[in-house]
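Participant: sequence plus predicted model, see below.
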Amino acid sequence: MRSTIAPTVTLLHGSAMPRLGLGTWPMDDAAAETTVAAAIELGYRLVDTAENYGNERGVGRGVKASGVPREELFVTTKFNKRWHGVELAAEACERSLDRLGLDYVDLLLIHWPNPGHDRYVEAVRGLARLLEDGRLRAIGTSNFKPAHLDRVIAETGIVPDVNQIQLSPTVTRESARAYHAEHGIVTQSWSPIGGQSNDVLREPVVVELAERYGRTPAQIVLRWHMELGLTAVPKSSDPVRLRQNLDVFDFALTTGEVAAISALDQGDAAGADSDAFGH
């Protein structure tokens, strides 16, 4: 059976990032090693991890076990608020590289803005220095609101390549997407099919479209992300679902169908509030 390779999007700083990749939370090291290697064999080229997931070692082992040349893969990780600072961000990067067993990561993200900690601007400055030094291919933020990004850009002039946010048909983040588009920031969706409950997969409009196209409900939702010009990191360790999640590039939804799925939006309040939560 053929492998699917996701198309890429060119980031602000020039890197080509696959539009669909593998999320690895909440896998442990053993599961991450097995799943990452299997996913890469299926055609995945983007793997997403984080300090807070506790599985960077397993992800790194899976990358090595895949046998695919490192330069053909795009590895993302993230750091916690204790590393919010110029020098601290460099230390966070070094620690992640040690755990991953890699010479570089393609994209390093600030996992949460933690505005109460009030150090995320310095963390972005730290990322920019790492980029200038050639330690990173791209820099980004995670769970930043437009207000957080506004402050970063106003105070530093630095625009991140990517902002990874919780985004699904029930939390469509329309205002954030518009802000990102205006500034050339790529939107990446975490929990793209709706999180642990997967309620969105049982929505009548999604079920009906799955039947119409001969696809799974998850494939319909992931195709919705692609139609909106987003990137996404769905997580699964099931070999069948891994293949299905990546196999969404040979069909298209109509504008009306995309709008019908978007109508499931429950507003930003249905998602995590990064002014109140973070680590």
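Facilitator: It's in. Residues are numbered from 1 along each chain as shown.

Participant: and Phe249, what element?
Facilitator: Assigned by DSSP states H and E, Phe249 belongs to no helix or strand.

Participant: so it sits against Pro18, correct?
Facilitator: No. If you go by C-beta atoms under 8 Å, Phe249 and Pro18 don't touch, sitting 10.9 Å apart. All C-beta spots, glycine's among them, are computed from the backbone N, C-alpha and C.

Participant: and the residue of the chain positioned farthest from its centre, helix, strand or coil?
Facilitator: If you look at how far each residue of the chain sits from its centre, by C-alpha atoms, centre = their mean, the farthest one is Arg212, at 28.6 Å. Assigned with DSSP: H, G, I helix; E, B strand; the rest coil, Arg212 falls in the helix class.

Participant: the helices in the stretch 101-250 of the chain, which residues?
Facilitator: Counting by DSSP state H, counting those that start in this stretch, the stretch 101-250 of the chain has helices at residues 120-132, 146-156, 174-183, 204-213, 217-227, 239-246.

Participant: closest one to Ala39 among those helices?
Facilitator: Minimum separation from Ala39 across those (C-beta to C-beta) falls at helix 239-246, 5.4 Å.

Participant: what does stretch 195-212 rub up against?
Facilitator: Stretch 195-212 is contacted by residues 166, 168-170, 193-194, 215-221, 253, 257, 260-261, 263-264 when judged by C-beta atoms under 8 Å, 6 or more residues apart in numbering.

Participant: will you turn the helices of the stretch 101-250 of the chain into a markdown table that also has distance to Asp106 and mean pLDDT?
Facilitator: Output for those, formatted as a markdown table (distance: least, C-beta to C-beta, whole Å; pLDDT from 0 to 100):
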| stretch | distance to Asp106 | mean pLDDT |
| --- | --- | --- |
| helix 120-132 | 11 | 97 |
| helix 146-156 | 21 | 98 |
| helix 174-183 | 19 | 98 |
| helix 204-213 | 32 | 98 |
| helix 217-227 | 20 | 98 |
| helix 239-246 | 18 | 96 |
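
Participant: which of the ones you listed sits most buried?
Facilitator: Of all the helices of the stretch 101-250 of the chain, helix 217-227 has the most neighbours on average by mean count of other C-beta atoms under 10 Å, namely a mean of 23.

Participant: can I get that helix in CSV, CA atoms only?
Facilitator: Extracted C-alpha coordinates of helix 217-227, given in CSV (Å, rounded to 0.1, in the frame of the first residue of the first chain):
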residue,chain,number,x,y,z
PRO,A,217,-15.3,11.2,10.4
ALA,A,218,-11.7,12.0,11.5
GLN,A,219,-10.6,12.3,7.8
ILE,A,220,-13.4,14.7,7.1
VAL,A,221,-12.4,16.9,10.1
LEU,A,222,-8.7,16.8,9.1
ARG,A,223,-9.7,17.7,5.5
TRP,A,224,-11.6,20.7,6.9
HIS,A,225,-8.3,21.9,8.5
MET,A,226,-6.6,21.5,5.2
GLU,A,227,-9.3,23.4,3.3
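
Participant: any idea how far apart the tips of stretch 9-19 sit?
Facilitator: This stretch, stretch 9-19, spans 6 Å end to end (C-alpha to C-alpha, to the nearest Å).

Participant: give me the spatial nearest neighbour of Leu100, chain neighbours excluded.
Facilitator: Among residues not flanking Leu100 along the chain, Gly60 sits closest, at 3.7 Å (C-beta to C-beta, 6 or more residues apart in numbering).

Participant: quick one, strands of the protein?
Facilitator: For the chain, the strands defined by DSSP state E cover 8-10, 16-18, 22-23, 46-48, 74-79, 105-110, 136-142, 162-166, 186-190, 231-232.

Participant: so can I have JSON lines of these showing distance to Val86 and mean pLDDT?
Facilitator: Output for the strands of the chain, formatted as JSON lines (distance: least, C-beta to C-beta, whole Å; pLDDT from 0 to 100):
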{"stretch": "strand 8-10", "distance to Val86": "27", "mean pLDDT": "98"}
{"stretch": "strand 16-18", "distance to Val86": "25", "mean pLDDT": "98"}
{"stretch": "strand 22-23", "distance to Val86": "29", "mean pLDDT": "98"}
{"stretch": "strand 46-48", "distance to Val86": "25", "mean pLDDT": "98"}
{"stretch": "strand 74-79", "distance to Val86": "13", "mean pLDDT": "98"}
{"stretch": "strand 105-110", "distance to Val86": "12", "mean pLDDT": "98"}
{"stretch": "strand 136-142", "distance to Val86": "13", "mean pLDDT": "98"}
{"stretch": "strand 162-166", "distance to Val86": "20", "mean pLDDT": "98"}
{"stretch": "strand 186-190", "distance to Val86": "24", "mean pLDDT": "98"}
{"stretch": "strand 231-232", "distance to Val86": "28", "mean pLDDT": "98"}
